[in-house]
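Engineer: here's my sequence, what's the structure:
(2 chains, ligands or ions: 1)
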Amino acid sequence: MPKRPQPRFPEPNTEPYWNGVKERELRYPVCTVCDQVVFTPRMHCPACGARDLEWRTSSGEGTVYTFSVVRQNRMPGFIDLGAYSVAYIDLDEGFRLLSSVVGVDDPTRDIHIGQRVRVEFEEQEEGEYPIPVFRPV
Amino acid sequence: MNPERSASIVGISEYPLRLARGVSPMEIKVDCIRAALDDAGLRWSDIDAVYDAGDGEAGGGLQLSAYLGLRPSVIDTTQVGGSSYEFQAAHALRDIAAGKCRVAILSYGSTAASNRFAIGTGGLHRGGGGNWQANMEMPYGSTLIANYAMVKQRHMHEYGTTTEQLAGISVSTRRHAMRNPEAVKAMTDLEFVGVNEITAADVLESRIVADPLHLLECCMISDGGGAVVIASAEVARDARKPPVWIIGSGEATKYCENDGDITTSAGAQSGPEAFGHAGVRPDEVDIAMIYDSFSITVAVCLEDIGFCKKGEAGDFVAGGRLAFDQPGRLTLNTDGGGLSSNHPGMRGIFLLIEATRQLRGESTSQVPDARIALAHGNGGMLGSTHTGGTVILARD
Ligand SMILES: [Zn+2]
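Structural biologist: Numbers count the residues shown, from 1 in each chain, chains lettered A, B, ... in the order given. Okay, here's the model as predicted:
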């Protein structure tokens, strides 16, 4: 099983997001004043400063905006992985998320910009939070 | 051109070594400050303004002032990544023009190479997370290089840019480095595989660090440092070297935003601001010192500042045509850049230093009669949370 680092708490901005992940949902805040999608999650709306946010649940489907395949790293938990992808995913609800595209034979060949992907919640060897990653549809 | 001549770079110093085992960052800062004052013909006690990015062991303008033993009337601890020095130069111009100080010192010292500090591959948020950005990024093992690679990937997708085109940046930069004895020593001491001129084919054949960025598109990690003395017009008149005036500046930030264009940087705001301030056009610039953390950084910044249109940087840099002896107006990174001369983590100060050398006629790849130079620093991470700081310099 993967050994990705876990989020750390207390961290009030992202806690509702990760509580959603624990329940296998991708949640995102929206400003109730100006209707702006607030992402990366914060406790205020970066467009208007309002603190009145409402959390909604994403369909979990989106598109690869861009990606890279990491061939060299010096991070615990990733050193032994070989080549793995990182990607910005544009979710259909209008927010952009840094994640990884998994479930392909060769990440250097099988991932492309514009690819349709869907979230899945990857169980980890340690820690209570699964990690949202994306698989081509 | 803007007639304002309030503040001038009067002293510069670049630490000569890129591998300085047993030397502390604070020693590097102090040695460079003394050398830059000497270059200007000024004394330690002349300094009345301290600008510091919190590098070394000092932790900002207060601690550095205490360490140096100074009582400055202006203290500025602007830390916005590698472009901190372009921001600080802009602030020094403002502070000097406002009469708050006369002799400002900017300094930098780092031992990133000796400490084996993995700037590009050690992962984001190596402190351990627990903040709003780290909690969203750490689980994915992204690296700083991967973030820049994602910008390159999108640029190639949108505009048809190729690695072969962008390799022109590495090719011309290495040509300049091979003419700079300190850069040659840097590459030798840091055990570069080939300390020689390179071709686009060499870049394409070098291993991929994070797709689609090849090794020869990535800057080195070195020790090093430098200092810059910025002084009022009155002080500049009596300085040892001819003045290099700061005639315009621009500062901006940009972030990864929903629906945002990752191929456009903060330079799209800071560049036009600086040109407007300076009253010059991009086609009047002789020397562009652009922060070359990676090939793609230069490409994106050249476009955003206005040297070419968005999406056209590939053509603009292909074939090494921005080398100092190529036909055409613009010359890029004549000291050898971060790619091949000096990158201890925050390269911004070296952009000011080499731009000044060019306007004084002191570069090892001198452009004849260079009159206007631009220094553009990109701080933080291109494609994510970053800054752009643009400074335009002119000689009399
Ligand atoms: Zn709002």
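Engineer: which residues sit in contact with A:T108?
Structural biologist: Shown here is A:T108, whose contacts under the criterion C-beta atoms under 8 Å, 6 or more residues apart in numbering or on different chains are A:V69, A:A83, B:D211. Any C-beta I mention is one placed from the backbone N, CA and C, and that applies to glycine too.
Engineer: just the element for it, please.
Structural biologist: Element membership of A:T108, judged by DSSP states H and E, is helix A:107-110.
Engineer: average pLDDT for that helix?
Structural biologist: Here the mean pLDDT over helix A:107-110 is 96, rounded to a whole number.
Engineer: residue of the stretch 201-350 of chain B with the smallest distance to chain A?
Structural biologist: Closest to chain A within the stretch 201-350 of chain B is B:D211: 4.2 Å, counting by C-beta to the nearest C-beta.
Engineer: any idea how far B:V300 is from B:Q165?
Structural biologist: Taking C-beta to C-beta, to the nearest Å as the measure, B:Q165 and B:V300 are separated by 13 Å.
Engineer: neighbour count for these two, which is higher?
Structural biologist: Set side by side, B:Q165 and B:V300 show more neighbours around B:V300, with 28 against 20, by other C-beta atoms under 10 Å in any protein chain shown.
Engineer: need the contact list for residue 52.
Structural biologist: Just going to use chain A. Listed by C-beta under 8 Å, 6+ apart, the contact partners of A:D52 are A:C31, A:T32, A:V33, A:C45.
Engineer: hmm, I had chain B in mind actually
Structural biologist: The contact partners of B:D52, taken as C-beta under 8 Å, 6+ apart, are B:A58, B:G60, B:G61, B:L64, B:I75, B:D76, B:T77, B:L106, B:S107.
Engineer: B:R102: what's it in contact with?
Structural biologist: Residues in contact with B:R102, defined by C-beta under 8 Å, 6+ apart, are B:D46, B:D48, B:A49, B:I96, B:A231, B:S232, B:E234, B:V235.
Engineer: check B:T356 too.
Structural biologist: Contact analysis of B:T356 by C-beta under 8 Å, 6+ apart lists B:I9, B:I12, B:V228, B:V244, B:A373, B:L393.
Engineer: could I get the CA-only coordinates of stretch B:270-284 as CSV?
Structural biologist: Extracted in CSV, the C-alpha atoms of stretch B:270-284 (Å, rounded to 0.1, in the frame of the first residue of the first chain):
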residue,chain,number,x,y,z
SER,B,270,5.7,43.7,-13.2
GLY,B,271,7.3,44.1,-16.7
PRO,B,272,4.9,46.6,-18.2
GLU,B,273,4.9,48.5,-14.8
ALA,B,274,8.7,48.8,-15.0
PHE,B,275,8.7,49.8,-18.7
GLY,B,276,6.0,52.5,-17.9
HIS,B,277,8.0,53.8,-15.0
ALA,B,278,11.3,53.8,-16.9
GLY,B,279,9.8,55.3,-20.1
VAL,B,280,11.5,52.8,-22.4
ARG,B,281,10.3,50.0,-24.6
PRO,B,282,11.3,46.4,-24.6
ASP,B,283,13.1,46.8,-28.0
GLU,B,284,15.3,49.5,-26.5
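Engineer: related to what we said a few turns ago, helix or strand right after the helix holding A:T108?
Structural biologist: Per DSSP H and E, the first helix or strand lying C-terminal to helix A:107-110 is strand A:116-122.
Engineer: partner strands of that following strand and their direction?
Structural biologist: Looking at strand A:116-122 with DSSP bridges, its partner strands are strand A:61-70 (antiparallel), strand A:131-136 (antiparallel).
Engineer: and among these, the most buried is which?
Structural biologist: Sort those by mean neighbour count, taking mean count of other C-beta atoms under 10 Å in any protein chain shown, and strand A:61-70 sits at the top with a mean of 23.
Engineer: show residues contacting the helix or strand just after that one.
Structural biologist: Using DSSP H and E, the next helix or strand after strand A:61-70 towards the C-terminus is strand A:84-91. Contacting residues not belonging to strand A:84-91 are listed as A:26, A:28, A:58-70, A:78, A:96-102, A:104, A:107, A:111, A:117, A:134, B:140-142, B:146, B:150, B:256, B:258-259, B:262 [C-beta under 8 Å, 6+ apart].
Engineer: partner strands of strand A:84-91, with direction?
Structural biologist: strand A:61-70 (antiparallel), strand A:96-99 (antiparallel).
Engineer: tally of neighbours for the nearest residue to B:V30 once chain neighbours are set aside?
Structural biologist: Closest residue in space to B:V30, ignoring its immediate chain neighbours: B:L68 at 7.2 Å, by C-beta to C-beta, 6 or more residues apart in numbering or on different chains. Look at B:L68: counted by other C-beta under 10 Å, it has 20 neighbours.
Engineer: residues in contact with B:L68?
Structural biologist: By C-beta under 8 Å, 6+ apart, the neighbours of B:L68 are B:V30, B:I33, B:W44, B:I47, B:V50.
Engineer: how much space between it and B:M220?
Structural biologist: From B:L68 across to B:M220, the span is 29 Å (C-beta to C-beta).
Engineer: burial of B:S293, as a residue count?
Structural biologist: For B:S293, using other C-beta under 10 Å, the count is 29.
Engineer: and it, what's its pLDDT?
Structural biologist: On pLDDT, B:S293 comes in at 98.
Engineer: which residues touch the residue lying closest to it once chain neighbours are set aside?
Structural biologist: Leaving aside its chain neighbours, B:S293 sits nearest to B:C219 (5.1 Å; criterion: C-beta to C-beta, 6+ apart). Applying C-beta under 8 Å, 6+ apart to B:C219 gives the contacts B:D292, B:S293, B:F294, B:G337, B:G338, B:L339, B:H343, B:R347.
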